[in-house]
Each structure stands twice: as C-alpha cells, then as structure tokens.
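**Student:** Provided below are the primary sequence and the corresponding predicted coordinates.
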Amino acid sequence: MDCKNAQRLILPFLEGSLKGKTLLRFATHVEQCEECKEELTIQYLSSEGIARLEEGKTFDLERELKEYMNGAIARQKRRKYWILGICLTEILAIIVILLIFAYALL
C-alpha cells in the first residue's frame, strides 16, 4: 500500500469501517511509515482529542491510538478465525452427510 491510499483510508479506519485485508494492509503501512502515522495521529487528535479537551478531560493520545489500532487488528483476526471455523464446520457437515449416504447405499 502506498501513502496516498493509506492516507485516503485514515477516516474510514477511524470510523471503524475498514475490514479484512484492507485493514491489515493499512495497519502494516501505518506502522512502517512515519508520515502516515503522523497523519493518522493528527486526524485522531482532531476527531477525538479536541472534544475531550473541550470537556476538560485529559488523555494519552499515543497510547489510545495504539490501543485503537491494536483493537481493530484483533477484531479482524477474530473475525477471520470465526469465518474459518464456520467453513470448517460446513466441510465437516458435508463429509458426515456423504458418509451417511455412502453407508445407506451399502
């Protein structure tokens, strides 16, 4: 992923709408690219930080952004394993049905 694509995906990431391989490619790029990491930090600050500052709340921007990124990646990985589990269950069900039919034909 290049910087132009990554920076285009910052807002969807902050909105929580990035999924699948796009999310993982985005996260990998941002971790490796200081320019994109800085842009993500700025946009996160503008969306989250200003509201909190107006409310008089303090926060650790770097820690919270890292937690947000890690949480998004973890949700995607859980989703991937969930889908894998469903696929394996369907395959197992098909095998059982085929065995039942094969046994019935004997």
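**Tutor:** Arrived safely, thanks for sending. Numbering: from 1, shown residues only.

**Student:** please count neighbours and contacts with C-alpha atoms only from this point.
**Tutor:** OK.

**Student:** torsion angles phi and psi at Asp2?
**Tutor:** phi -100, psi 170 (degrees, to the nearest 10).

**Student:** contact partners for His24?
**Tutor:** Small correction: residue 24 is Leu, not His. Residues near Leu24 by C-alpha atoms under 8 Å, 6 or more residues apart in numbering: Ile73.

**Student:** how about the contacts made by the closest residue to Phe26 other than its chain neighbours?
**Tutor:** Closest residue to Phe26 apart from its sequence neighbours, by C-alpha to C-alpha, 6 or more residues apart in numbering: Ala6 at 5.8 Å. Listed by C-alpha under 8 Å, 6+ apart, the contact set of Ala6 reads Phe26, His29, Val30, Cys36.

**Student:** counting neighbours, what do you get for the first one?
**Tutor:** By that I understand Phe26. Using other C-alpha atoms under 10 Å, Phe26 has 22 neighbouring residues.

**Student:** kindly report the same for the third one.
**Tutor:** For Val30, the count of nearby residues is 23 (other C-alpha under 10 Å).
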